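Student: Give me a model of this one.
(one chain, ligands or ions: 1)
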Amino acid sequence: MKTLSTTSLQVRDNQLWILDQQALPQQKNWLPAADVAELVAHIHALRVRGAPLIGLSASLLLALLAEQGFTRTALADALEVLRAARPTAVNLMNNLDRMRLALAQENYVAALRMEALNLIDEDKKLCDAIADAGAALVTPGSRLLTHCNTGGLATAGVGTALGVISRAFSQQKVTNVWVDETRPLLQGGRLTAWELGELGIPYQLICDSMAASLMAQKQVDAVWVGADRIAANGDVANKIGTYSLAVLAHYHQIPFYVAAPHTTLDPHCPNGAAIPIEQRAASEVTGVAGSFGSVQWAPEQARVHNPAFDVTPAALISGWVLDTGVITPEQVNAGIFLPR
Ligand SMILES: CSC[C@H]1O[C@H](OP(=O)(O)O)[C@H](O)[C@@H]1O
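Tutor: Sure thing, here's the model as predicted:
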């Protein structure tokens with residue numbers, strides 16, 4: 001496979017390399033993802049993260065393993081292991097379902113390579129379409145609030161919600177970005193802050209608990225978040241803390257937008273209650289870890305609840321900004337937004 005590079009993925013010397021997103025921003029460490037076990041470990045540890053990127057990394061690895069001579073049976077087994085690597089984001093399943101079709105073709109090595117590269121190219125285009133559609137909704141002088149990380153690190157392109165923000169900034173419509181640090185794993189404080197700094201976009205980092213008072217002080221003009229899965233009724237699973245932002249925005253009558261590629265839609269999932277929510281290790285809440293090492297502050301015997309995602313009901317969402325256009329609450333209520 002030809003050499004390729006995105007913000008957080010590289011293929012070089014016929015091997016997949018990933019940018020360790022747990023080490024950012026202090027360290028830019030490229031690590032090998034040479035086999036299924038290695039990539040799954042990176043995904044579990046969120047060294048590879050972000051709904052679209054997880055699917056793209058799995059697809060690229062499968063294509064590379066095929067080029068290394070893996071049999072069709074071994075590739076089918078690898079596909080199923082990768083497909084189960086993270087349960088909430090549906091992009092992984094959608095991508096690998098397409099790779100499964102490629103695997104069924106006679107020349108599956110070429111078909112897998114082409115499909116993986118197609119998925120990368122498509123994601124870049126999806127991000128641009130989301131950015132254009134979303135930026136049109138941003139009014140000049142906006143102070144936008146965002147949660148978690150939805151930029152180039154999490155996709156193959158400019159990102160989803162962060163792609164909207166950067167496109168609107170390039171149109172001189174954004175004066176400040178409030179960046180939720182996003183406990184427990186600090187995707188906002190570490191990754192979004194880093195990406196916005198690299199882009200030269202003005203931002204202020206806040207603790208998640210500060211969003212409410214900022215809204216009460218009328219310092220927030222809109223909230224933009226990503227999505228890991230959008231159910232058939234418009235409910236959205238996203239990083240834990242998203243639902244509380246939606247409730248706050250609703251109370252303060254602030255627009256709350258979800259930005260995602262259409263590959264995040266799951267027509268087979270009837271509502272948010274049916275979305276599997278990944279539960280994660282207690283150590284992520286009892287302390288913090290990163291390239292600096294780790295520190296634990298809670299009592300040893302502390303019992304912990306650590307769901308990685310929450311579900312925002314469709315009723316709290318002002319618009320679903322997809323690459324296919326902006327979906328309104330009326331369209332969602334009528335059930336006419338899903339791909340046929
Ligand atoms: C465009 S990324 C979408 C989604 O992925 C993130 O989750 P994680 O950091 O655990 O991979 C977060 O939920 C983003 O909103």
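Student: and the stretch 201-340 of the chain, which residues reach the ligand?
Tutor: By the rule CB under 6 Å from any ligand atom, the part of the stretch 201-340 of the chain lying against the ligand is Gly226, Asp228, Asn238, Lys239, Ala308. Yep, even glycine has a C-beta here, placed from its N, CA and C like the rest.
Student: give me phi/psi at the nearest residue to the second one once chain neighbours are set aside?
Tutor: Setting aside the residues directly before and after it, Asp228 is nearest to Ala89 in space (CB to CB, 6 or more residues apart in numbering), at 4.0 Å. Backbone torsions for Ala89, taken as degrees, to the nearest 10, come to phi -70, psi 120.
Student: do the one 3 residues further on as well
Tutor: With angles defined as degrees, to the nearest 10, Leu92 sits at phi -60, psi -50.
Student: Give me the distance between it and the ligand.
Tutor: Leu92 is 10 Å from the ligand, where distance means CB to the nearest ligand atom, to the nearest Å.
Student: can you check Tyr243 too?
Tutor: From Tyr243 across to the ligand, the span is 12 Å (CB to the nearest ligand atom).
Student: Point out the other helices and strands that the helix or strand where that residue lies packs with.
Tutor: In this assignment (DSSP states H and E), Tyr243 forms part of helix 242-251. Counting by 3 or more CB pairs under 8 Å, 6 or more residues apart in numbering; DSSP states H and E, the packing neighbours recorded for helix 242-251 are helix 211-216, strand 222-225, strand 256-259, strand 309-312.
Student: Turn those into a markdown table, including mean neighbour count and distance to Ala281.
Tutor: A markdown table is the format used below for the helices and strands packed on helix 242-251 (neighbours: other CB atoms under 10 Å; distance: least, CB to CB, whole Å):
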| stretch | mean neighbour count | distance to Ala281 |
| --- | --- | --- |
| helix 211-216 | 17 | 25 |
| strand 222-225 | 26 | 24 |
| strand 256-259 | 26 | 27 |
| strand 309-312 | 24 | 15 |
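Student: Select, out of those, the one closest to Leu199.
Tutor: With CB to CB as the criterion, Leu199 lies closest to strand 222-225 of these, at 14.8 Å.
Student: Can you give the strand pairings for the closest one, parallel or anti for each?
Tutor: Each strand pairing with strand 222-225, determined using DSSP bridges, is listed with its direction: strand 142-146 (parallel), strand 256-259 (parallel).
Student: Indicate which one of those is closest to Arg12.
Tutor: Across those (criterion: CB to CB), the nearest stretch is strand 256-259, sitting at 30.5 Å.
Student: Give the next helix or strand downstream of that closest one.
Tutor: Next along from strand 256-259, by DSSP H and E: strand 265-266.
Student: Show me what that next one packs onto, helices and strands only.
Tutor: So strand 265-266, by 3+ CB pairs under 8 Å, 6+ apart, packs with strand 229-231.
Student: Quick check: next helix or strand after the strand it packs on?
Tutor: Using DSSP H and E, the helix or strand that follows strand 229-231 in sequence is strand 236-239.
Student: Keeping just the C-alphas, turn that following strand into PDB.
Tutor: Written as PDB, here are the backbone C-alpha positions of strand 236-239 (Å, rounded to 0.1, in the frame of the first residue of the first chain):
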ATOM      1  CA  VAL A 236     -27.100  10.900  20.100                       C
ATOM      2  CA  ALA A 237     -24.400   9.000  21.900                       C
ATOM      3  CA  ASN A 238     -21.300  11.100  22.500                       C
ATOM      4  CA  LYS A 239     -18.600  11.600  25.100                       C
END
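Student: From the chain's centroid, how far away is the longest helix along the chain?
Tutor: Under DSSP state H, the helix in the chain containing the largest number of residues is helix 108-135. If you compare the mean C-alpha spot of helix 108-135 with that of the full chain, they lie 15 Å apart, counting by CA atoms, centre = their mean, to the nearest Å.
Student: next one: stretch 75-92
Tutor: For stretch 75-92, the gap between its own C-alpha mean and the chain's C-alpha mean amounts to 16 Å (CA atoms, centre = their mean).
Student: Then stretch 187-201?
Tutor: Averaging C-alpha coordinates over stretch 187-201 and over its chain gives two centres that are 15 Å apart (CA atoms, centre = their mean).
Student: Which residues outside that stretch are in contact with it?
Tutor: 21, 24-25, 49, 146-153, 159, 162, 165-166, 169, 174, 177, 179-182, 202-203, 205, 239, 290 (CB atoms under 8 Å, 6 or more residues apart in numbering).
Student: mind giving me the domain ranges of this structure?
Tutor: Split into domains by automatic domain parsing, the chain comes to 4-128, 138-333.
Student: Let me see the mean pLDDT of the longest one.
Tutor: What it means is domain 138-333. In this model, domain 138-333 has a mean pLDDT of 96.
Student: would CSV of the strands paired with strand 222-225 with distance to Leu9 be doable?
Tutor: Rendered in CSV, the data for the strands paired with strand 222-225 read as follows (distance: least, CB to CB, whole Å):
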stretch, distance to Leu9
strand 142-146, 22
strand 256-259, 21
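Student: Would you point out which residue is most central in the chain?
Tutor: For the chain, Gly50 is the residue whose C-alpha lies nearest the centre (CA atoms, centre = their mean; 3.2 Å).
Student: How much space separates the nearest residue to that residue once chain neighbours are set aside from Val40?
Tutor: Leaving aside its sequence neighbours, Gly50 sits nearest to Ala154 (CB to CB, 6+ apart; 2.3 Å). In this view, Ala154 and Val40 are 18 Å apart by CB to CB, to the nearest Å.
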